[in-house]
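Participant: My questions are about this predicted structure, shown below with the sequence.
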Amino acid sequence: MADSKTTELTPEQLAEIERKFDPETAFRPTGRMLGHVIALALVAMSVYHFYASGFGLIRELLHRGIHLSFVLGLVFLLFGLRKSDPTNTVPKAWYRFDGVPLIDIMLAVLAVGAAMYLPLLPSTIVAERVGNPSQFDVFMGSALLLLTLEATRRSVGPTLPIIAILFLVFAYFGPLMPGALKHGGASWLGIINHLYMTNQGIYGIAIGVMAQYVFLFILFGVLATRIGLGQLFIDLAMVIAGRYSGGPAKVAIFSSAFMGTISGSSIANTVTTGALTIPAMKRVGYPPHFAGAVEATASTGGQITPPILGAAAFIMVEYLEIPLRDVLAAALFPALLHYFGIFIMVHLEAKKLGLRGLRAEELPKVGAVLKDHWLSIIPLAILVYLILTGKTPDFAAVYGIIACVVVGFLNPTHRLTIRDLWDSLAAGAKNTLAVGAAAATVGVVVGVVTLTGVGFRLGYVVVQTATDIGTFLSTVPVLSYFTVTQWALFVSLILIAIACIIMGAGIPTTATYIILVAVAAPALAQLQVEPLVSHFFVFYYGVLADITPPVALAAYAAAGIAGSNPFKTGNTAFRLGIAKALVPFVFVYSPALLLVADGFTWWLFSVTLLGAMLGIASLGVAFSGYLFAPLAKWERWWVALVSFLFIAPGLLTMLIGAVAMSPIILRQIIAKRAATAPSPN
């Protein structure tokens, strides 16, 4: 029965939900004068990045410094000391200017100075001081380090800065560390020299990728949404899937998949598409917690859906030194499997509950949709075309942004005014602040890893632990079929997956990826897993944290819209997203699924893809407890076990799985016929 509480929320209520569950959007209000100054700075930030990436020739360190100075300065102006600071509501006080404490304005100025001090020095002087920084260099480096940690705490939360501090403690007290973690240690001068004076720390790859690529793609997503591309995606999803059983849930999957092509934020996708799909799901009869879970799970796919992905994809390009199109190709089919898994679960739930689709009068007309919005697809098509033809990501993004502006000014349905363009430039810059601060802090962690070699040490610990466990398991009679090396790989993957989920519960996906790949890549390399596969494995499990209790932020945001229990919504979302938890294991054991991995053949790819689809579908049946009719408890367990035979790469295991599944399918057909047969008179 449909829930009575299906009132759609206002834009203000949706914004408050996003602010509540996404610390990256918890901006504080400011007065009129300072608000104009901040808006001007945000627009200047967007214009600078557009010019620098598209037409400017700015040396690397200076470009990264300018980006970091914008990020840190604006974070201290837009994010309060505490998320719910009561003084934020007292704009008039002697210690505040236009609602912002004077101390925060001072910190913003100091952060800009510290971020720009080193980049503004002549290159020759910087080169001379590396390894022998002056006292003032150490002071400015220490100030930038502390301000970066505080800016990240304000905009992202305390977890990532705490991790960075623990790494700093580890670097300083190296001789006191136990076992394999023991090292010679580093002085504070040595730490600052490495983190501040070189490109291995705060000014490292993470902040460089944010400045060069990610900023532009986030700005592109904002502009593309503003000119109507987001509405086109939602309307097309309604046309494609709305009429079928449980239609609104299938609309949520398609619309979130489409939105994922232009936005890599799980929570933003949840709020944007969930505002429409969650009330519609409740109206046709889905329980509130299930409706919220469907939207949250589908929306997390945005971070793994080409061509935007998340910021981690661009980090991967730099780490692996491969073209972006190879990363996008590798991401394509795992992303499709993610949505396929959700679709199967949603379809079975709809059949089990006997839910209807949307009526014809509730659906948009395809002709009207294309007539109103077709122009908005042009910028995305240009972006994808340029990437596929081998252009650099920043080149493609620049011309995608130009296309958005041109289409916006020409499109009569979603006309872009000068004011709209101004607001979009400001919004795009504002959306990059938290991820920029996080990138700088991740640079601290990565710097400590390169300074101490802890990545290889931890990788050794992971492999050694997994090998010890594998040695024990290989002595168990039933499990001795597999070798110690095979068990070591499997256990290593389990340990790394758990670490990714735990880390991802408190820090952004990109930060999780960068930190843990420093451990996972060396560990998996020892077990003969190629770099692209190990990077994707960590990336996918980091994303999974958005729907993994107890801190499933995307699920909690969806629960806020659905009016459901957040923890119950999170548990259901994890169940719906179980495919995402299995797919990484599939491409580790059969890298052909990633298309560009070593050893790719179309035969291996076809067998792997078919097996993965059958395994994910079987697992969906097991979790739903329904195929053509309700399953008995023992049948659900049997189907769940058989699903692993499908997922295990290889034609033989797939055929064994098909044979093992056939009795269940036969029983289901008989049960369905019995349920639909007319009763005797």
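Facilitator: Perfect, I can see it now.
Participant: from here on, contacts and neighbour counts on C-alpha atoms
Facilitator: Will do.
Participant: can you pull the contacts of the residue nearest to Gln486 when sequence neighbours are not counted?
Facilitator: Ranked by CA to CA, 6 or more residues apart in numbering and with sequence neighbours excluded, the top spatial neighbour of Gln486 is Gly470, at 7.8 Å. Gly470 makes contacts with 483-488, 491, as judged by CA atoms under 8 Å, 6 or more residues apart in numbering.
Participant: Gly470 falls within a strand, correct?
Facilitator: No. The assignment for Gly470 by DSSP: H, G, I helix; E, B strand; the rest coil gives helix, which leaves it out of any strand.
Participant: returning to what we had before: which of the contacts of Gly470 are buried, as a ChimeraX select command?
Facilitator: Remark: buried members of the contacts of Gly470, expressed as a ChimeraX selection using 16 or more other CA atoms under 10 Å:
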select :484,487,488,491
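Participant: The contacts of Gly470 into a markdown table, with extra columns for pLDDT and distance to Leu451?
Facilitator: Shown next, in a markdown table, are the contacts of Gly470 (pLDDT from 0 to 100; distance: CA to CA, whole Å):
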| residue | pLDDT | distance to Leu451 |
| --- | --- | --- |
| Thr483 | 83 | 36 |
| Val484 | 86 | 33 |
| Thr485 | 85 | 31 |
| Gln486 | 84 | 32 |
| Trp487 | 86 | 32 |
| Ala488 | 88 | 28 |
| Val491 | 89 | 28 |
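Participant: Relative to Tyr460, which of the contacts of Gly470 is nearest.
Facilitator: Ala488 (12.1 Å; CA to CA).
Participant: what's that closest one in contact with, if anything?
Facilitator: 463, 466-470.
Participant: need those in a markdown table with pLDDT, can you?
Facilitator: Output for the contacts of Ala488, formatted as a markdown table (pLDDT from 0 to 100):
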| residue | pLDDT |
| --- | --- |
| Val463 | 85 |
| Ala466 | 88 |
| Thr467 | 89 |
| Asp468 | 89 |
| Ile469 | 90 |
| Gly470 | 86 |
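Participant: start to end distance for stretch 501-520?
Facilitator: 13 Å (CA to CA, to the nearest Å).
Participant: Identify each buried residue in the helix or strand encompassing Gly35, please.
Facilitator: Take DSSP states H and E as the rule and Gly35 turns out to sit in helix 32-54. Neighbour-count burial for helix 32-54, with 16+ other CA under 10 Å as criterion, is recorded at 35, 38-39, 41-46, 48-50, 52-54.
Participant: Which other helices and strands does that helix contact?
Facilitator: Packed against helix 32-54 by the contact rule (3 or more CA pairs under 8 Å, 6 or more residues apart in numbering; DSSP states H and E) you find helix 60-78, helix 215-226, helix 393-410, helix 418-430.
Participant: Check what pLDDT the closest residue to Gly620 other than its chain neighbours gets.
Facilitator: Leaving aside its chain neighbours, Gly620 sits nearest to Met345 (5.2 Å; criterion: CA to CA, 6+ apart). If you check Met345, the pLDDT there is 85.
Participant: Equivalent analysis for Pro477, please.
Facilitator: Looking at Pro477, its pLDDT is 80.
Participant: any low-confidence regions in the stretch 151-300 of the chain?
Facilitator: Applying pLDDT under 70 to the stretch 151-300 of the chain flags residues 261, 263-265.
Participant: what do you get if the cut-off is 80, keeping everything else the same?
Facilitator: 179-181, 230, 241-248, 255-269, 271-276, 280, 284-285 (pLDDT under 80).
Participant: Walking through it, point out its helices one by one.
Facilitator: All helices of the stretch 151-300 of the chain, identified by DSSP state H, counting those that start in this stretch, fall at 159-172, 188-196, 205-209, 215-226, 229-241, 247-260, 266-284, 288-300.
Participant: Looking at those helices, spot the one closest to Leu386.
Facilitator: The nearest among those, by CA to CA, is helix 215-226 at 13.5 Å.
Participant: helices or strands next to the closest one in the packing?
Facilitator: Against helix 215-226 (3+ CA pairs under 8 Å, 6+ apart) you get helix 32-54, helix 393-410, helix 418-430.
Participant: Mind putting the contacts of Gly470 into CSV with distance to Gly157 and secondary structure?
Facilitator: Shown next, in CSV, are the contacts of Gly470 (distance: CA to CA, whole Å; DSSP: H, G, I helix; E, B strand; the rest coil):
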residue, distance to Gly157, secondary structure
Thr483, 43, coil
Val484, 41, helix
Thr485, 39, helix
Gln486, 39, helix
Trp487, 37, helix
Ala488, 35, helix
Val491, 31, helix
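Participant: Since that was my last question, I'll sign off now.
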